[in-house]
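>>> A predicted structure for the sequence below; I have some questions about it.
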Amino acid sequence: MAATTKKKEATPEKKAYDPSEIKVRRVNFQFKTNNNRFYYKNNPFSTHFINVLHVLFPTGERFFVNSVLKHQKSISDDKLKKQIRNFCGQEGIHSSMHERFWNILKAHDYKFEGYESHIDTLLHKLVAKIEVEGTKINNIDLVATACLEHFTALFGHAMFMRVDTDPKTVPADMVELFKWHACEEIEHKNVAFDVMKVVDKDEFAKRVALMPIATAVLYFYLAVGTLMFLYQDRKHLKVSQLPKQFYEFATGLFVELHGDLVKEYFSFFKKDFHPSDLNDYHLAEEFLKDKAYA
């Protein structure tokens, strides 16, 4: 009589990339010190718009982490708990990599400590403290985070779909940094929103009210920061070229970053909106598939 053999149970194949895992990647980017002063297409407006992001991201992402992390004990879902931990891990590394670029800015004698300190005070000592006990004026920092994460996810989307990153005109180290960052913004775009949905039953009214304010504040400080850097570069600029350079920025990088933003921005005001409605995780998967740090 032939011996019977047990059939091996098929084990489910692990996905090569799963955005719900929100992987913390230990990157170690280095930046060239000999890049052109105006490294994005030799355009001061475009370059300084990017430089402002380098300054805003570290303190902004610490604010995001704090606003989400303080609600961790209110979350019972194990998957979301893990996503919160990894969201915090990703944001922490984003902060450190952008802060590393500050050395390049300082080497060019840019002064931005006062600007960064002001943003830090605004976020951590003002917005984070807004709460009136016994009223619905609470969780303002968390709602603001959900609003701003919508922007960072859409900027991340644009990095792959629209922004010109031709290595002939844009330094490869800058492209690598921002595309890695874009991947992770796409990957964790739902975390703050999902925490907000769990802990605040009035989240819809709050996000609808707060998004226009967050938008105005964001673009105000982007403009102020860009002008601050331009003013410090006045000895390196030719007044006669500024109109042309501004036009190239306004019709180039600025438009490219905002190509899909208008349509997707307004989707945030729908009651049933969720960040995953824009299913662009494949953009991150495609970029990360051959990266040693992925």
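Good, I have the coordinates. In this text, all values refer to a predicted model and were calculated from it rather than measured experimentally. Residues are numbered from 1 along each chain as shown.
>>> only C-alpha atoms for contact and neighbour calcs from this point on.
OK.
>>> and the gap between Leu261 and Phe193?
Leu261 sits at a distance of 18 Å from Phe193 (criterion: C-alpha to C-alpha, to the nearest Å).
>>> Looking at the two, which one has more neighbours?
Set Leu261 next to Phe193 and count neighbours by other C-alpha atoms under 10 Å: Phe193 wins out with 23 against 19.
>>> got a pLDDT number for that one?
According to the prediction, Phe193 has pLDDT 98.
>>> same question, Glu13
Looking at Glu13, its pLDDT reads 56.
>>> Please apply the same query to the one 4 residues further on.
Confidence per residue is given as pLDDT, and for Tyr17 that number is 84.
>>> Could you do His71 as well?
pLDDT for His71: 96.
>>> now do Lys7
Looking at Lys7, its pLDDT is 50.
>>> what does Lys289 give?
pLDDT, read off for Lys289, is 93.
>>> Distance-wise, check Glu184 relative to His94.
Applying C-alpha to C-alpha, the value for Glu184 to His94 is 9 Å.
>>> Share the number of residues neighbouring Phe87, please.
Neighbours of Phe87 under the rule other C-alpha under 10 Å: 28.
>>> Can you tell me what sits against the helix or strand hosting Phe287?
Assigned by DSSP states H and E, Phe287 belongs to helix 281-288. By C-alpha atoms under 8 Å, 6 or more residues apart in numbering, the surrounding residues in contact with helix 281-288 are Tyr17, Pro19, His157, Phe160, Lys179, Trp180, Ala182, Cys183, Glu184, Ile186, Glu187, Ala294.
>>> next one: that helix to chain centre, how far?
Here helix 281-288 is found 16 Å from its chain centre; the criterion is C-alpha atoms, centre = their mean, to the nearest Å.
>>> Quick one, which of the contacts of helix 281-288 are buried?
Buried subset of the contacts of helix 281-288 (neighbour count, 16 or more other C-alpha atoms under 10 Å): Tyr17, Pro19, His157, Phe160, Lys179, Trp180, Ala182, Cys183, Glu184, Ile186, Glu187.
>>> Any chance of the residues you listed in TSV with secondary structure and distance to Asp280 as columns?
TSV is the format used below for the buried ones among the contacts of helix 281-288 (DSSP: H, G, I helix; E, B strand; the rest coil; distance: C-alpha to C-alpha, whole Å):
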residue	secondary structure	distance to Asp280
Tyr17	coil	13
Pro19	helix	10
His157	helix	7
Phe160	helix	10
Lys179	helix	14
Trp180	helix	15
Ala182	helix	11
Cys183	helix	10
Glu184	helix	12
Ile186	helix	7
Glu187	helix	9
